[in-house]
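*Asks:* Curious how this folds, go ahead:
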Amino acid sequence: MNNKIFYAIALALTSQVQAQDTTLPTVEVKADTLIDATSSNLSTDNLNKGTPADGGEWLLQIPGVSGVKMGGHGIDPVIRGQKHNQLNILLDGAYIHGGCPNRMDPPTSYASSEIYDDVTVLKGVQTLIYGAGGSGGTVLFDRKAPSFEEDEKVKGKYGAGYRSNGKAWDAFVDVATGNNKQYARGTISTKQAEEYDDGNGDEVHSGYKDRSGNITVGTRTAAGTHLSLDVKAVRGEDILYAGARMDSPQADEDSIKLKIETAKLGAFEQVRFEGYQSDVFHIMDNFTYRTNMMWMRVPSDSVTSGGRIMGDMSFKNGTLTIGVDTQKSDRDATRYASMTPTFPTMTQSFLWPAAVIEQTGLIAEYAGESSKGNRYTAGLRYDRVDASASKANLTPMAMGAVSANQLYNNYYGLTAQDKDENNLSALYRMEHDMDKQSFVFWGVSRTVRTADATERYIAANAMMMDPTTIWVGNPDINPEEHHQLDVGYSTKGKKSSISVSAYIDDVSDYILRDTARGQDGILLSNGATIYRNVDVRLLGVDLESSYQWNQKWQSHFTLAYVRANNETDGRPVAQIPPLEGTASLEYIKSNWMLGGELRAVAEQTRVDDDPATGSGLDAGQTPGFTVVNLYGSYKISKQGELKFGIDNVFDKLYAEHLNKPNAFDPAVIQVNEPGQSVWARLNMNF
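*Replies:* Coordinates of the predicted model:
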């Protein structure tokens, strides 16, 4: 559907009836609260570590969320062993696709914790309304409209923090003015860090600078319509990556969002419209912050536009939500090279040859109660996908270079023709209350994920005549089809609460990043990076529990495990996090809170680390480790709070199993985590 149609409908809605706020609430986990291992919410007020570098690091504080690390910035989240667009990640209702083909800047890198109020993670498939795919889960960064007391005209907060390892500091100001009819809210933040030291005291190439700003204006009309306009800008500089052969001198994002919410409108109890556009400009090179004989740079543009219209119809025992959403991703990246240490101007590869992917979805989802204590959700979703690459025929200037279409033909025997897909997803989920303190649930789903621009169209020619540095997408790759079963149980007592969920996901046509070895459908056997469809099975378990020892002492426990197997080739899937658990103990008295957390990660022996027989995306088997963190807070007054802590108390040398596969170099690099770091943060409200 054309985006202009969305905005035309939006303008029509502004003259209609009433609105209501649907922002997600902040949830504080307590021992006597019924927790859910499949859903987590984290607000900026309950951070127990120093200020995160970006949204990816913020998500690591949620149980069951892992991250692919390449430096101190740009951590790429992984949930239930799934990543990239296997996750639906929305920044205040908008999709953003990063500008780096090697994902230096995943969507979460443009989600500063100072700009957003909270983040919610829905693990697995719990709803179909947030977009196609989302087989691993949904991540919702939320920014709320301000509310005012009767005589209140201005309100806000400000704060600053410092972390010793890497000399990282940050500061922000968040101010809102107006009333409950008209308002404006503005937030600015700045943060930067130098290289940090690992547990051995060795410096890790990892610094960054980041500035973010956001302005929201809104109005609630006399008829009740709530309209808001949101403008955001992010400026990243000097972002260093130990896990790659390039760094990013510049990573900028500009976005605009329009939201309209009405209450009663004909047969609908509520209608919601959201329209957005985000523009990302990213540069990576290998000469600004390091020394190389051959200089390379990659400027890239990524424009994401789209929107959704959803309406709720009430029935006696539930609500039917129907709607349509659209998303267009337009991405272009060119690699320039120079054989001598001079500014590169010669085109070497069209990495994204003007790749455009458009999706339009139709959704119907009913949430209701079949009988007392029995709730269910049933949903159906149809998606139309159109993909094209208009520069696929262009040949770069470099000697021996070939066009994207020539690369596709060399490895798959085809060229980039316009491609369309018709994908159908479905969900049924049931919850049953066993009593007032416990419930069980089960859910079955089918979700379809289309290939992203890199999997479909990446076209990186060989560097220095080395075929293992070739990286070529598959324009005819099939979409993934996920068939999942999810079951769980939650209960609470006077002092304790526990929730556990288990799942199995059979994936047909899993999009596997692999090496060319003459497999079925692959014409060459030279170790280049290619994509092919295989069948994969994932299974795992998530657990959360809390216990109130007495009025002052409480604990929280988590466990997450996932196993993924390539059923076609009979080997493990690469880049799957190992078994992980945490245990915390907190002491709360009056204005004080002191706590400690033990994080234990098992060894990972199920790897795919040999490019001669598999993908080689794992660096190898990794040992287990334990890390201890201490944290605390003190409420200075009703308006102020001081938070403090020590991360990695015993200065442990360790690296996470997940690493960023280096697309432009056959080497796979694991990045050591920071050693001991003392941090403090002061937040004030006014």
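*Asks:* Now the biggest strand by length in the chain: average pLDDT?
*Replies:* Assignment by DSSP state E gives strand 346-371 as the longest strand of the chain. On average, the pLDDT along strand 346-371 is 97.
*Asks:* Ok, stretch 452-466 next?
*Replies:* Stretch 452-466 comes out at a mean pLDDT of 93.
*Asks:* Let's see that stretch as CSV, backbone CA atoms only.
*Replies:* Listed next in CSV are the C-alpha coordinates belonging to stretch 452-466 (Å, rounded to 0.1, in the frame of the first residue of the first chain):
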residue,chain,number,x,y,z
ASP,A,452,16.6,-9.0,4.3
ALA,A,453,18.7,-6.9,1.9
THR,A,454,22.0,-8.5,2.8
GLU,A,455,20.8,-12.1,2.6
ARG,A,456,19.1,-11.4,-0.7
TYR,A,457,21.4,-8.9,-2.5
ILE,A,458,24.8,-8.4,-0.8
ALA,A,459,27.5,-8.3,-3.6
ALA,A,460,31.0,-8.0,-2.2
ASN,A,461,33.8,-8.8,-4.8
ALA,A,462,37.0,-10.5,-3.8
MET,A,463,39.7,-8.5,-2.0
MET,A,464,43.3,-9.1,-3.1
MET,A,465,42.1,-11.9,-5.3
ASP,A,466,41.1,-14.0,-2.3
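*Asks:* buried residues in it?
*Replies:* Within stretch 452-466, the residues that qualify as buried are 452-463, counting by 16 or more other Cβ atoms under 10 Å. Placement of C-beta: from N, CA and C, glycine included.
*Asks:* Please list the members of those residues that lie in strands.
*Replies:* 459-460.
*Asks:* still on that earlier bit, buried sites along the longest strand of the chain?
*Replies:* For strand 346-371, by 16+ other Cβ under 10 Å, it's 347-361, 363, 365-368.
*Asks:* what does stretch 372-382 give?
*Replies:* Of all the residues in stretch 372-382, those buried under the rule 16+ other Cβ under 10 Å are 375-382.
*Asks:* Now render those residues as a markdown table, adding distance to Gly640, secondary structure and pLDDT.
*Replies:* As requested, the buried residues of stretch 372-382 are exported to a markdown table (distance: Cβ to Cβ, whole Å; DSSP: H, G, I helix; E, B strand; the rest coil; pLDDT from 0 to 100):
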| residue | distance to Gly640 | secondary structure | pLDDT |
| --- | --- | --- | --- |
| Arg375 | 41 | strand | 96 |
| Tyr376 | 46 | strand | 97 |
| Thr377 | 42 | strand | 97 |
| Ala378 | 48 | strand | 98 |
| Gly379 | 45 | strand | 98 |
| Leu380 | 50 | strand | 98 |
| Arg381 | 46 | strand | 98 |
| Tyr382 | 51 | strand | 98 |
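*Asks:* Next, format those residues as a markdown table and append distance to Leu523.
*Replies:* Output for the buried residues of stretch 372-382, formatted as a markdown table (distance: Cβ to Cβ, whole Å):
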| residue | distance to Leu523 |
| --- | --- |
| Arg375 | 52 |
| Tyr376 | 49 |
| Thr377 | 45 |
| Ala378 | 45 |
| Gly379 | 41 |
| Leu380 | 39 |
| Arg381 | 36 |
| Tyr382 | 35 |
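*Asks:* so where's the stretch 551-686 of the chain uncertain?
*Replies:* 661-667 (pLDDT under 70).
*Asks:* Mind doing that once more with 90?
*Replies:* For the stretch 551-686 of the chain, applying pLDDT under 90 flags the ranges 590, 619, 638, 659-670.
*Asks:* looking at it, Asp505 is touching Arg537, isn't it?
*Replies:* Yes. In this structure, Asp505 is within contact of Arg537 by Cβ atoms under 8 Å, at 7.1 Å.
*Asks:* These two: which has the busier surroundings?
*Replies:* For the pair Asp505 and Arg537, the greater number of neighbours falls to Asp505 (26 against 15), based on other Cβ atoms under 10 Å.
*Asks:* for the more buried one, helix, strand, or coil?
*Replies:* Under DSSP: H, G, I helix; E, B strand; the rest coil, Asp505 falls in the strand class.
*Asks:* Mind checking the pLDDT average for whatever helix or strand Leu320 lives in?
*Replies:* Using DSSP states H and E, Leu320 sits in strand 318-338. Throughout strand 318-338, pLDDT has a mean value of 97.
*Asks:* Could you tell me how far the longest strand of the chain lies from the centre of the chain?
*Replies:* 15 Å (Cα atoms, centre = their mean, to the nearest Å).
*Asks:* Which other helices and strands does it contact?
*Replies:* On a contact count with 3 or more Cβ pairs under 8 Å, 6 or more residues apart in numbering; DSSP states H and E, strand 346-371 meets strand 295-315, strand 318-338, strand 374-389, helix 453-457, strand 459-460.
*Asks:* which residues touch Leu658?
*Replies:* Taking Cβ atoms under 8 Å, 6 or more residues apart in numbering, we find Leu658 in contact with 66-69, 78, 575, 577.
*Asks:* now, which of those residues lie within strands?
*Replies:* In strands, defined here by DSSP E, the members of those are 66-68, 78.
*Asks:* Farthest-apart pair in those residues, please.
*Replies:* The largest distance within the ones in strands among the contacts of Leu658, taken as Cβ to Cβ, falls between Ser66 and Val68 and amounts to 7.8 Å.
*Asks:* list the residues that contact both of those two?
*Replies:* Common neighbours of Ser66 and Val68 (Cβ under 8 Å, 6+ apart) are 78, 658.
*Asks:* Hmm, Gln575 is touching Val68, no?
*Replies:* Yes. Here Gln575 reaches Val68: they are 7.2 Å apart, a contact under Cβ under 8 Å.
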